[in-house]
Each structure stands twice: as structure tokens, then as C-alpha cells.
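No sequence on hand, only this structure:
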């Protein structure tokens, strides 16, 4: 599950381990340059990768605040959202001064094996992606969230711009990940899901249906909706969550099955964005070399 977030001053060096909190297994190993490189600036906001374990923990606290507290599901024993994938990921941050106000989790293909696979495989069968000759360029995006008071265009611009810079540095050819609708009744989002089914589904061998272990009651075939709800794209676009709306506009496609995530209280879809299919308008906006906000 991934969606649209606490604060704190990061320590200059990695602190001693905190029990129960994953520790990143390696320094940032990208072609972005120095580990402290700022990937973008916009007004008082900056974006870059987390530099140390303290910042990763702050990002996990931010995720907990959004995914659990904000949704009324704050029942976890610790006030962080952490899992076994975190140590293998890079964590993109948007900061206002020293305060982390947004984050995105990035898992490139060459680290996925050590992580036990991709996070999305918990809900979707990824054979349509991983068994292709282009799978070396896979980059999984996830756990996107922003503090409520920072949910504005500037923050999203930096998250997208930073992700684009990272994808270029990694040589990514295909970006993918789960994105969510609120609630566990997918029929409440029938019109929006119908838009995806009518205009932007993965086809044939590229499709990624629900994983075999997902109960039938927790699946929804989007193709069954394509003719069941009249679709007016302009109207339905307003019903999409901001992240999904952005993906659709930039040229993403979607798996043919939605999966209900009872733990997070969401209805999830799998998003796949091929770099060579990105709307040229957005390449021009962020720069073919991701230089727009890197001044």
C-alpha cells in the first residue's frame, strides 16, 4: 500500500541501533554523486535521500502518522511504520529545514533479491514484469506520504522530481508500485476504477493479477467494471487520489485486478510506468536530466 506524513533534527552520524528498528544495510550506492547531494529545491523545501539511520526512522514515523494515526488505525505497538524491506531501500525525503515533511521509498531491482523480492508481490503476481528481458531496469516505488499541512503542489513536485533524478541515475526503465484508494469497499470507487479499466490497463503477458494467495473476496476484476459504470474522464479524474491522478496523467498503466488491503484499510492497484512511455510534457517539465529543481 502506498499513498499521499514527524519532525526532528537528524544526527550528523548514524546513531546506535534502536531495538526493533531496521538499520540500512549499506550506504547509498547510486550514481547521484555525494550522499548528501540535494536533488531539488523549491522555496523553503529541499529533496534528497536519507543520509543515515536517524533520518530513516523519522521517515518511518511520518509513515506511521499518515497510514495509521490519520486513518484511525493506530494500534501498532511502536509509533513507526517499518518492515523488512526498509533496510534494502533508499528513502527519498522532502524537508522543510530539518523537518521531514514527505517521503518516498525506492527499491531498485539489484537489491530486491536480498530483500526477499518486491513489496508489491505481497498483493500482485509480478511475473509479467520480472520475467521480461527488461526486468533489470525495474524500480519499485512505495510508501509515499506527506504531512497534511504540506499536501500541496510544491511538495509533490519535489517528490516527483527527486524520483526522476534517482530513476535516471539508476538506469531505471520501468517504475512500478502499489497505489491506494481509501476504504475496503472497492465499489465505492467504481467510477474511478472504471476509468482505469477503460483507458489504461496492462495487456496480455504484461498484466499482473492478484497474487495466488490473495483470497477471492479481496480481489476485484477491473475489466468487469469497464462496461458497468458510465465513464466521463473529466469527472472521474476528480475522484482519483492525487498520486493516482498524477500517475495516470504521466502515462502509467494499471494491473487488471484491485486488491483489498485489510491491514491498511485500503483498496490497492498496481501501477506500472515505463520510462519510454512517459508523457513528453513531463519529461520537458522536470528536464531530461532531472535538472529543473537542481540549482
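Good, I have the coordinates. Computed from a predicted structure; not experimentally measured.

Now residue 102. Nearest residue, chain neighbours left out?
residue 94 (3.6 Å; C-beta to C-beta, 6 or more residues apart in numbering). C-betas here are computed from N, CA, C, even on glycine.

Tell me the confidence at that neighbour?
We have a pLDDT of 97 for residue 94.

hang on, it in a helix?
No. Residue 94 sits outside any helix when classified using DSSP: H, G, I helix; E, B strand; the rest coil, being strand.

residue contacts, it?
Counting by C-beta atoms under 8 Å, 6 or more residues apart in numbering, residue 94 touches 45-47, 100-103, 146, 150, 155, 158-159, 162.

Could you export those residues to TSV, including columns for secondary structure?
Formatted as TSV, the contacts of residue 94 follow (three-state DSSP):
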residue	secondary structure
45	strand
46	strand
47	strand
100	strand
101	strand
102	strand
103	strand
146	strand
150	helix
155	helix
158	helix
159	helix
162	helix
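
which residues in the stretch 1-150 of the chain form strands?
Along the stretch 1-150 of the chain, counting by DSSP state E, counting those that start in this stretch, strands occupy 40-42, 45-49, 90-96, 99-108, 138-146.

Serialize those strands to a markdown table and add fields for distance to residue 123.
A markdown table is the format used below for the strands of the stretch 1-150 of the chain (distance: least, C-beta to C-beta, whole Å):
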| stretch | distance to residue 123 |
| --- | --- |
| strand 40-42 | 31 |
| strand 45-49 | 26 |
| strand 90-96 | 21 |
| strand 99-108 | 15 |
| strand 138-146 | 11 |
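
And those: which comes nearest residue 170?
Closest approach to residue 170 among these is made by strand 99-108 (5.2 Å; C-beta to C-beta).

how big is the angle separating that closest one from strand 90-96?
Angle, strand 99-108 to strand 90-96, by axes from the mean of the first three to the mean of the last three C-alpha atoms, to 10 degrees: 160 degrees.

re the thing from before, can you tell me which of the strands of the stretch 1-150 of the chain is nearest to residue 176?
strand 138-146 (6.0 Å).

now the closest one: how far from the chain's centre is it?
In terms of C-alpha atoms, centre = their mean, to the nearest Å, the centre of strand 138-146 is found 2 Å from the chain centre.

Repeat that for stretch 124-144.
Distance of stretch 124-144 from its chain centroid, counting by C-alpha atoms, centre = their mean, is 13 Å.

Give me the mean pLDDT for it.
Mean pLDDT, computed over stretch 124-144, is 88.

cool, stretch 51-62 as well?
Averaging pLDDT along stretch 51-62 gives 94.

Show me what counts as buried in it.
Neighbour-count burial for stretch 51-62, counted by 16 or more other C-beta atoms under 10 Å, picks out 51, 52, 53, 54, 55, 56, 57, 58, 59, 60, 61, 62.

ok, now stretch 60-73?
Applying 16+ other C-beta under 10 Å to stretch 60-73 flags 60, 61, 62, 63, 64, 65, 66, 67, 68 as buried.

Looking at the strands of the stretch 1-150 of the chain, spot the one closest to residue 291.
Evaluated over the strands of the stretch 1-150 of the chain, closeness to residue 291 peaks at strand 40-42, with 9.4 Å, by C-beta to C-beta.

still on that earlier bit, right, and the strands of the stretch 1-150 of the chain - which one's nearest residue 194?
strand 138-146 (23.8 Å).

strand partners of that closest one, parallel vs antiparallel please.
Sheet pairing here is set by DSSP bridges, and for strand 138-146 it gives strand 99-108 (antiparallel), strand 174-182 (parallel).

Now the helix or strand just after the last one: buried residues?
What it means is strand 174-182. On the C-terminal side of strand 174-182, the closest following helix or strand by DSSP states H and E is helix 190-199. Neighbour-count burial for helix 190-199 flags 190, 191, 192, 193, 194, 195, 196, 197, 198 (criterion: 16+ other C-beta under 10 Å).

right, and the helix or strand after helix 190-199?
Next along from helix 190-199, by DSSP H and E: strand 219-221.

tell me the mean pLDDT over that following strand?
94.

Give me the residues contacting it.
By C-beta under 8 Å, 6+ apart, the surrounding residues in contact with strand 219-221 are 186, 187, 193, 210, 256, 257, 258, 259, 260, 267.

wait, doesn't the fifth one sit right on residue 201?
Yes. Here residue 256 lies in contact with residue 201, judged by C-beta atoms under 8 Å, at a distance of 5.4 Å.

Pull up the overlap in contacts between the two.
207, 222, 223.

Residue 174: what's it in contact with?
Residue 174 sits next to 129, 134, 135, 137, 138, 139, 272, 273, 274, 275 when contact means C-beta under 8 Å, 6+ apart.
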